[in-house]
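Enquirer: no letters, just coordinates:
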């Protein structure tokens, strides 16, 4: 697993370019008026869906967003 704990604020475009096909935890996300994430700090990234949620539970960031950077399969199952 790759670990990223940085104070560098990145735009979503930078995050998408750097972490293609990975899950990311974005700490302190800056959002627009309809809550689309515009930028933030990548707290953690990895390719494994289950690992990203385990890490989020471990780190317990106060304000964060979790994203998959890349194309989702044609028939995803999403549980909220």
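Expert: Cool, got the structure. The structure presented is a predicted model; accordingly, all values stated were derived computationally and were not measured. Numbers count the residues shown, from 1 in each chain.
Enquirer: show me the helices in this structure, by range?
Expert: Read by DSSP state H, the chain holds these helices, from start to end of the chain: 12-18, 49-59.
Enquirer: of all those, which lies closest to residue 35?
Expert: helix 12-18 (12.8 Å; C-beta to C-beta). The way it works is simple: take the backbone N, C-alpha and C, and place the C-beta from them, glycine included.
Enquirer: just the buried residues of the closest one, please?
Expert: Residues of helix 12-18 classed as buried: 12, 15 (neighbour count, 16 or more other C-beta atoms under 10 Å).
Enquirer: what's the spacing between that helix and its chain's center?
Expert: In terms of C-alpha atoms, centre = their mean, to the nearest Å, the centre of helix 12-18 is set 10 Å apart from its chain centre.
Enquirer: return the list of helices and strands in contact with that helix.
Expert: Packed against helix 12-18, as judged by 3 or more C-beta pairs under 8 Å, 6 or more residues apart in numbering; DSSP states H and E, are the following elements: strand 37-46, strand 64-69.
Enquirer: and the gap between the residue nearest the centre of the chain and residue 50?
Expert: Geometric centre of the chain, nearest residue: residue 24, 2.6 Å, by C-alpha atoms, centre = their mean. Taking C-beta to C-beta, to the nearest Å as the measure, residue 24 and residue 50 are separated by 15 Å.
Enquirer: that older thread, now the helices and strands packed on helix 12-18 as CSV including mean neighbour count?
Expert: Rendered in CSV, the data for these read as follows (neighbours: other C-beta atoms under 10 Å):
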stretch, mean neighbour count
strand 37-46, 19
strand 64-69, 17
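Enquirer: need these in a markdown table (columns: mean pLDDT and distance to residue 11).
Expert: Shown next, in a markdown table, are the helices and strands packed on helix 12-18 (pLDDT from 0 to 100; distance: least, C-beta to C-beta, whole Å):
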| stretch | mean pLDDT | distance to residue 11 |
| --- | --- | --- |
| strand 37-46 | 96 | 5 |
| strand 64-69 | 94 | 13 |
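Enquirer: select, out of those strands, the one closest to residue 28.
Expert: Going through those one by one, with C-beta to C-beta as the measure, strand 37-46 comes closest at 5.6 Å.
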